[in-house]
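In: 3D model of this:
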Amino acid sequence: QVQLVESGGGLVQVGSSLSLSCAASGRILTMAWFRQAPGKEREFVGGITLSSGTTDYADSVRERFAISRNSARNTLNLQMNVLKPEDTAVYYCAASESLMSTLRFPHTYEFWGQGTQVVVST
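Out: Numbers count the residues shown, from 1 in each chain. Okay, here's the model as predicted:
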């Protein structure tokens, strides 16, 4: 059974940086970050195919966020820079035992973390 544990959320000011981590146990092939703001649907942030290292990002974060992985620790990181108030959300780590043609659809992930809150204040 795959388990995901996120960490690193918090309250930060506009323009600052924050890093999230997701520690994974079990055999997984694909990982991603999603976020959900109050009253909104869960949206794709960024993802990675672990075997190839191929990444994909939402347009809204492409120039500001970066995904990296620590293979030895089976950890996925999300470095978030130049944070904006619209980045405020609960951030979720997701993982799948399958390879995907697209990383962007939440329903394709079998495993989810508990979520970590990010609040960007003005």
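In: center of this structure - which residue?
Out: Nearest residue to the geometric centre of the chain (CA atoms, centre = their mean): residue 33, 2.0 Å.
In: that's a strand at that residue, yeah?
Out: Yes. Counting by DSSP: H, G, I helix; E, B strand; the rest coil, residue 33 falls inside a strand.
In: so what's it bridging to?
Out: For residue 33, the beta-bridge partners are residue 46, residue 93 (DSSP bridges).
In: for this structure, which spans come out with low pLDDT?
Out: When residues are selected by pLDDT under 70, none of them lie in the chain.
In: excluding sequence neighbours, find me the nearest residue to residue 11.
Out: Nearest residue to residue 11, sequence neighbours excluded (CB to CB, 6 or more residues apart in numbering): residue 119, at 4.6 Å. No exception for glycine: its C-beta is placed from N, CA and C like everyone else's.
In: who are the neighbours in contact with the one you found?
Out: Residues in contact with residue 119 (CB atoms under 8 Å, 6 or more residues apart in numbering) are 10-12, 88.
In: of these, grab the buried ones for PyMOL.
Out: Per 16 or more other CB atoms under 10 Å, the buried members of the contacts of residue 119 correspond to this PyMOL selection:
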select buried, resi 12+88
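In: is the closest residue in space to residue 70 that isn't next to it in sequence in a bridge, and if so with what?
Out: Distances taken as CB to CB, 6+ apart put residue 77 closest to residue 70, at 7.1 Å, once the chain neighbours are dropped. Counting by DSSP bridges, residue 77 forms beta bridges with residue 21, residue 68.
In: so what's the residue count around residue 77?
Out: Residues near residue 77, counting by other CB atoms under 10 Å, number 15.
In: can you report phi and psi for residue 85?
Out: phi -60, psi -30 (degrees, to the nearest 10).
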